[in-house]
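# Please find the sequence and the predicted model below.
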Amino acid sequence: MKRAMLLIALFCAAALAGHVFVLNAVPRIIMNKAMTKMQARGVPVHGFALSARTTQETQTVVRPSPDLAYSICLYDLKDGGPLTIYAAPYDGYASVSFFDARTNNFASVRVGEGDEAAGAKLTLHREAQDMMESPGRQIISPGRKGIILIRRLAPTQAEYDKVVEISKNDRCEPAKY
């Protein structure tokens with residue numbers, strides 16, 4: 001009887017350890033692999049890169065929206081300094097989303113919210129310090145690394161071509177203030 005109870009306790013401990021591992025380590029592993037692949041494809045750290053228009057040939061993730069144009073910025077706040085993020089104004093729907101190293105979406109902002117001509121001016125911080133001196137809306141990253149994603153509605157090639165020009169004004173860079 002004692003042996004059976006010990007085996008059950010060991011099984012429960014192993015199941016709990018496996019559960020904790022899956023919930024904590026696997027998202028980090030997935031995001032780290034995704035960020036490594038993005039860098040290999042030319043996505044810079046602290047700079048936006050517009051991805052190719054989504055078609056069956058360019059699809060790299062499961063079911064990306066073919067109606068959206070995606071600009072991606074990898075970030076690493078290892079030096080502790082904030083980043084300035086600017087998403088240029090766009091006539092249609094556009095948003096900026098922030099994902100941490102565990103794949104959690106910790107912030108989303110609609111581009112032009114409150115002022116359509118202004119785009120989105122944001123400052124990303126590692127910690128809540130020096131935020132009063134920073135321009136634009138303040139975002140705090142829960143971790144050191146992550147991905148910033150600008151999505152713009154561009155269902156046609158002509159609209160995607162407009163995004164190509166507009167996205168040249170997007171910025172993701174260390175703050176200079």
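Thanks, I have the structure now. Numbers count the residues shown, from 1 in each chain.
# Quick check: A94 touching V109?
No. The pair A94 and V109 does not pass the contact test of C-beta atoms under 8 Å, sitting 9.7 Å apart. From N, CA and C alone the C-beta is placed, and that goes for glycine too.
# Neighbour count: the two, which is higher?
Neighbours were counted for A94 and for V109 using other C-beta atoms under 10 Å; A94 has more, 26 against 20.
# count of residues packed around S51?
Neighbours of S51 using other C-beta under 10 Å come to 18.
# That one and L68 touch, don't they?
No. Here S51 does not reach L68: they are 9.8 Å apart, not a contact under C-beta under 8 Å.
# how near is V96 to L23?
For V96, the distance to L23 equals 27 Å [C-beta to C-beta, to the nearest Å].
# Looking at those two, which is more packed in?
V96 (26 against 10).
# Check D76 and give its pLDDT.
pLDDT for D76: 90.
# Quick check: closest non-adjacent residue to it.
K145 (5.1 Å; C-beta to C-beta, 6 or more residues apart in numbering).
# Then R110?
Nearest residue to R110, sequence neighbours excluded (C-beta to C-beta, 6+ apart): S95, at 5.3 Å.
# who does the one you found bridge with?
Beta bridges link S95 to R110, R151 when assigned by DSSP bridges.
# Please work out how many residues are found near it.
S95: 19 surrounding residues under other C-beta under 10 Å.
# Quick check, it in contact with G112.
No. With contact defined as C-beta under 8 Å, S95 does not reach G112; the gap is 9.7 Å.
# Please report how far the residue nearest to D76 lies from A87.
To A87, K145 is 20 Å away according to C-beta to C-beta.
# More neighbours: which of the two?
A count of neighbours by other C-beta under 10 Å puts A87 above the other of K145 and A87, at 29 against 19.
# List the contacts of that one.
For A87, the contacting residues are S71, A94, V96, V111, G119, A120, L122, I150, D170, by C-beta atoms under 8 Å, 6 or more residues apart in numbering.
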